[in-house]
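[1] dropping the sequence and predicted coords here.
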Amino acid sequence: MSNLVVTYGIKPKEMVQEALAAIDAASTINSNDQIGIKPNLVVDKPSALGATTSVKVVAGIIEYLHKAGCHNIVVLESSSIAHSTARAFSVCGYDKLATHYDVKLIDLKKDKTGTVTAAGLNLSLCQTALELDYLINVPVLKSHCQTGLTCALKNLKGCIPDREKRRFHSLGLHRPIAALNAALKTSLVVVDGMCGDLTFEEGGNPVSMNRIIVGFDPVLVDTYAAELIGLDPNSIEYINLAEQFGVGSANLKKAEIIELGVDKRPPLETLASPLARQLSKYIDARSACSICYGSLIHALARLKEDHLQSRLPEKIKIGQGFRGRKGNGIGVGACTAAISSNLPGCPPKAKAIVEFLRPHCGIKVL
């Protein structure tokens, strides 16, 4: 189905229900289906900081499903490596949501796994996700420090075990993300575009966008989302690969886009944040994990505030591609332990990276 519904406003629960009704989502669901709702709870931060799916958005979905006679519902997630899903459920308000609506929360970090082959890759997936009849993907619209965009397609990374997340980074992220979406079908996408961080996937620089985007095709949704935040969808490799793998269509010209509450749209100039792309020129990243890479981005941003980042003598090495490779230079993270000047950590904290890099910028440490 090639329709997208975009609704604008400041009441996400009501907006979600309006958008789902407009796209007639209920007609695609059997009341006996095992329905899984997959938010983005990458870290244990409230949605106001721009990183996580608002609990109000998920509440709107659940209320819509209940009205349609669907009650076999679970909320499933696996937070980022080094972050607790249970804590994210608590901090983000999902514990209270589960009690109020009588839905089960599933921490996929504790789930059994199964192996699926797609697009020439053997993938390890969480068993609960594989057994769903209907998967509702509820990402946050935000930028990503490595892939540029994180929205529907990338959000399914929360349906794989941590060891597989690490492997995805070693494979370069794009192809395995596209293959994952070929292996695990998204039935419906509801994008939380109320408040997203357009600089960094872990939040901290939120931008209010006051919109919900609903569609059945995750490739189409991501194509639309990329353009919305000023990115060329063709520059995001996993969108192109997902289309090649038959996941969906990136052809917005053939899509019908229905907009609701047009008078409530926020100004477009709020939808740009190029900081992470600016700072990437100081980094030599080779199969780096986003959590480690993100710490380095944060550290470089702090150095930038003091006009120090341009004084770095060379690019900072980071990522699994440097594992076991001896050499001179500056390396951040456990994977660059063989580099002559290295800061350990998996992941290292941004503050530690700043303190580590300051002497390389010519600043004496007292």
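    Done, it's in. Numbering: from 1, shown residues only.
[2] give the buried residues for stretch 138-152.
    Across stretch 138-152, burial judged by 16 or more other CB atoms under 10 Å covers 138-152. Backbone N, C-alpha and C define where each C-beta goes, glycine included.
[3] can you map out the helices along the stretch 1-150 of the chain?
    Under the criterion DSSP state H, counting those that start in this stretch, the stretch 1-150 of the chain contains helices at 12-23, 55-67, 85-91, 94-101, 127-130.
[4] need the CA coordinates for the third one. PDB is fine.
    This points to helix 85-91. Extracted C-alpha coordinates of helix 85-91, given in PDB (Å, rounded to 0.1, in the frame of the first residue of the first chain):
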ATOM      1  CA  THR A  85      15.700  -2.200  28.400                       C
ATOM      2  CA  ALA A  86      14.000  -2.600  31.800                       C
ATOM      3  CA  ARG A  87      15.200   0.800  32.900                       C
ATOM      4  CA  ALA A  88      14.100   2.400  29.600                       C
ATOM      5  CA  PHE A  89      10.600   0.900  30.100                       C
ATOM      6  CA  SER A  90      10.500   2.500  33.500                       C
ATOM      7  CA  VAL A  91      12.000   5.900  32.700                       C
END
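[5] the residue nearest in space to the middle of the chain bridge partners, please.
    Residue closest to the mean C-alpha point of the chain, counted by CA atoms, centre = their mean, is Thr150 at 4.2 Å. The partner list for Thr150 in beta bridges (DSSP bridges) reads Lys142.
[6] buried residues, stretch 99-117. List them.
    Buried, per 16+ other CB under 10 Å, within stretch 99-117: Tyr101, Val103, Leu105, Ile106, Asp107, Leu108, Lys109, Asp111, Thr113, Val116.
[7] what would the helices of the stretch 1-150 of the chain look like in JSON lines with distance to Lys165 and mean pLDDT?
    Formatted as JSON lines, the helices of the stretch 1-150 of the chain follow (distance: least, CB to CB, whole Å; pLDDT from 0 to 100):
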{"stretch": "helix 12-23", "distance to Lys165": "28", "mean pLDDT": "97"}
{"stretch": "helix 55-67", "distance to Lys165": "22", "mean pLDDT": "98"}
{"stretch": "helix 85-91", "distance to Lys165": "13", "mean pLDDT": "97"}
{"stretch": "helix 94-101", "distance to Lys165": "21", "mean pLDDT": "98"}
{"stretch": "helix 127-130", "distance to Lys165": "14", "mean pLDDT": "98"}
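[8] can you check which of those gets nearest to Pro161?
    Among those, the nearest to Pro161 by CB to CB is helix 127-130 (10.2 Å).
[9] ok, residues contacting stretch 77-97?
    Identification of contacts with stretch 77-97 by CB atoms under 8 Å, 6 or more residues apart in numbering yields 38-47, 52-53, 55, 58-59, 62, 75, 98, 103, 105-109, 111, 126, 158-162, 165-166, 202, 289-291, 346-347.
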